[in-house]
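Novice: Give me coordinates for this.
(2 chains)
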Amino acid sequence: QQQVKQSPQSLIVQKGGISIINCAYENTAFDYFPWYQQFPGKGPALLIAIRPDVSEKKEGRFTISFNKSAKQFSLHIMDSQPGDSATYFCAASRAITDSWGKFQFGAGTQVVVTP
Amino acid sequence: EAQVTQNPRYLITVTGKKLTVTCSQNMNHEYMSWYRQDPGLGLRQIYYSMNVEVTDKGDVPEGYKVSRKEKRNFPLILESPSPNQTSLYFCASSLSPRPRDTQYFGPGTRLTVL
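Specialist: Sure, this is the predicted structure:
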């Protein structure tokens, strides 16, 4: 079963709007949460990541919000642009050495930004 | 150019015919990993390698083998492919196994097993 649940499956937003993608996890031992962006025909690429000791991380138009008590984290894309049209994956991992190397990914969200 | 390469990019084969998908990185990365991507399931980890001669199972290792004889190469072997292994496969590498080290993904290999 998927340890990281991602929603929605797809999202259509107008240019300039805000895209919000949510992820929830079960394993409280997860302590590293990256987001990946994937364009058609390409491999995923790291977009932004967060550790649970902060509630928010912002890089340009992309922001991760983290709610440790609810075991949820979300990606906000502000001022969405057509070039942001891609599939986004959340992921989770554990930073302690005996769990290094293992990653759990969400099912992905296809974002379409209309002009 | 720093990159992860995979070959072949596309492959159509028949049930039971052994195949190997190669993965190579030129960044001197310690960590390498294989994922499969399926609609509605996202990316699922097949195997990973912390360093040469060190490999471990991910979440979906059944039907796959890997080896890491050299630092730069991490081939994925399907000894007897079956139709349920039809998928899009990605190889990834990072400097170290620490989660905060960025994973770089290859371009993908689309495999169809008839």
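Novice: quick one, phi/psi of residue B:16?
Specialist: Here is the backbone geometry of residue B:16 (degrees, to the nearest 10): phi 90, psi -10.
Novice: For it, the count of nearby residues, please.
Specialist: If you count neighbours by other CB atoms under 10 Å in any protein chain shown, residue B:16 ends up with 11. The way it works is simple: take the backbone N, C-alpha and C, and place the C-beta from them, glycine included.
Novice: For it, which residues are in contact?
Specialist: By CB atoms under 8 Å, 6 or more residues apart in numbering or on different chains, the residues touching residue B:16 are B:80-82.
Novice: For it, give its distance to chain A.
Specialist: In this view, residue B:16 and chain A are 29 Å apart by CB to the nearest CB, to the nearest Å.
Novice: In chain B, where's the longest strand?
Specialist: In chain B, with assignment by DSSP state E, the single longest strand is strand B:42-51.
Novice: Nearest to chain B: which residue in chain A?
Specialist: Distances between chain A and chain B by CB to the nearest CB are smallest at residue A:43, namely 3.1 Å.
Novice: what's the closest non-adjacent residue to that residue?
Specialist: Leaving aside its sequence neighbours, residue A:43 sits nearest to residue B:105 (CB to CB, 6 or more residues apart in numbering or on different chains; 3.1 Å).
Novice: Identify all contacting residues around the helix or strand of chain A with the lowest mean pLDDT.
Specialist: Every helix and strand in chain A was compared by mean pLDDT, DSSP states H and E; the lowest is strand A:103-105, with a mean of 92. Outside of strand A:103-105, the residues that reach it under the criterion CB under 8 Å, 6+ apart are A:2-4, A:25, A:27, A:30, A:36, A:89-93, B:33, B:35, B:42-45, B:59, B:99, B:103.
Novice: Check those for burial and list the buried ones.
Specialist: A:2, A:4, A:25, A:30, A:36, A:89-93, B:33, B:35, B:42-45, B:59, B:99, B:103 (16 or more other CB atoms under 10 Å in any protein chain shown).
Novice: Those in strands, which ones?
Specialist: A:4, A:25, A:36, A:89-93, B:33, B:35, B:42-45.
Novice: Dump those residues to JSON lines, plus distance to residue A:81 and pLDDT.
Specialist: Shown next, in JSON lines, are those (distance: CB to CB, whole Å; pLDDT from 0 to 100):
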{"residue": "A:4", "distance to residue A:81": "26", "pLDDT": "94"}
{"residue": "A:25", "distance to residue A:81": "29", "pLDDT": "94"}
{"residue": "A:36", "distance to residue A:81": "18", "pLDDT": "97"}
{"residue": "A:89", "distance to residue A:81": "19", "pLDDT": "97"}
{"residue": "A:90", "distance to residue A:81": "21", "pLDDT": "97"}
{"residue": "A:91", "distance to residue A:81": "23", "pLDDT": "95"}
{"residue": "A:92", "distance to residue A:81": "27", "pLDDT": "93"}
{"residue": "A:93", "distance to residue A:81": "29", "pLDDT": "89"}
{"residue": "B:33", "distance to residue A:81": "31", "pLDDT": "96"}
{"residue": "B:35", "distance to residue A:81": "28", "pLDDT": "97"}
{"residue": "B:42", "distance to residue A:81": "24", "pLDDT": "93"}
{"residue": "B:43", "distance to residue A:81": "25", "pLDDT": "96"}
{"residue": "B:44", "distance to residue A:81": "30", "pLDDT": "96"}
{"residue": "B:45", "distance to residue A:81": "31", "pLDDT": "95"}
